[in-house]
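[1] Just to be clear, the model below is a prediction. Sequence and coordinates:
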Amino acid sequence: MVKLKVSNVYLERDKTNGRQFSAMVVVINDMGQVLLLHRLDHPEVKFPDRWGFPGGGSDPDEDPLQTAIRETYEETDLRIDPRDLNLLYKKITDGKNVYFFGCNIYSGNVSPQKVKKEHQNFAWVDPNDLDRYHTSKDAEYTIRKAFGANEFLME
């Protein structure tokens, strides 16, 4: 992963669509597995019944890094080390900036109770097994960016 200085990443605040922006996090454990959350299957949920990354919309006066840390904790109970949170890329979806981060250093364990407040389930997934999960179209690309590789074989 490419390290970025956190203080220089965000010079501006996004000002689009109510919640200013969204932040998503690819959390990688010591075994090289990626944390995926299974979204609820409801029409009002974006990407219903798909597997995706922890994350969500910003609160007032947050920057993308703060949103990534807060959303990951709220949805999983994992505490991310902010010094390890790396910006992978930014894209615009539905007129709103979405920031994708990668992270290898965190503390705690995933709390099924916290996950089930907003999701159906969670899984630590070997990237080579990603095709077994119904994900968004850019999940594979994002995971490849998080590993800094064009191939998943990490052996």
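    Good, I have the coordinates.
[2] Mind listing the residues bridging to the residue most central in space within the chain?
    Closest residue to the average C-alpha location of the chain: V25 at 2.1 Å, with Cα atoms, centre = their mean. For V25, the beta-bridge partners under DSSP bridges are F101.
[3] who are the neighbours in contact with it?
    By Cβ atoms under 8 Å, 6 or more residues apart in numbering, the residues touching V25 are 53-55, 68, 71-72, 80, 85, 100-103. All C-beta spots, glycine's among them, are computed from the backbone N, C-alpha and C.
[4] let's see 6 Å
    Counting by Cβ atoms under 6 Å, 6 or more residues apart in numbering, V25 touches 53-55, 68, 72, 101, 103.
[5] how much space between it and N86?
    Using Cβ to Cβ, to the nearest Å, V25 is found at 10 Å from N86.
[6] Same check on P60?
    Counting by Cβ to Cβ, the gap from P60 to N86 is 25 Å.
[7] Comparing these two, which residue is more hemmed in?
    Taking other Cβ atoms under 10 Å, P60 and N86 do not tie; N86 has more neighbours (20 against 7).
[8] Wait, that one touches N104, no?
    No: here N86 lies out of contact with N104, judged by Cβ atoms under 6 Å, at a distance of 9.0 Å.
[9] Longest helix in this structure, please.
    helix 64-76 (DSSP state H).
[10] Tell me which residues of that helix come out buried.
    64-65, 67-73, 75-76 (16 or more other Cβ atoms under 10 Å).
[11] With respect to T142, which of those residues is nearest?
    A68 (13.1 Å; Cβ to Cβ).
[12] Without its sequence neighbours, what residue ends up closest to that closest one?
    Once flanking residues are discounted, A68 sits nearest to A23: 3.9 Å by Cβ to Cβ, 6 or more residues apart in numbering.
[13] Repeat that for Y73.
    Counting by Cβ to Cβ, 6+ apart, the residue nearest Y73 is R79, at 6.0 Å.
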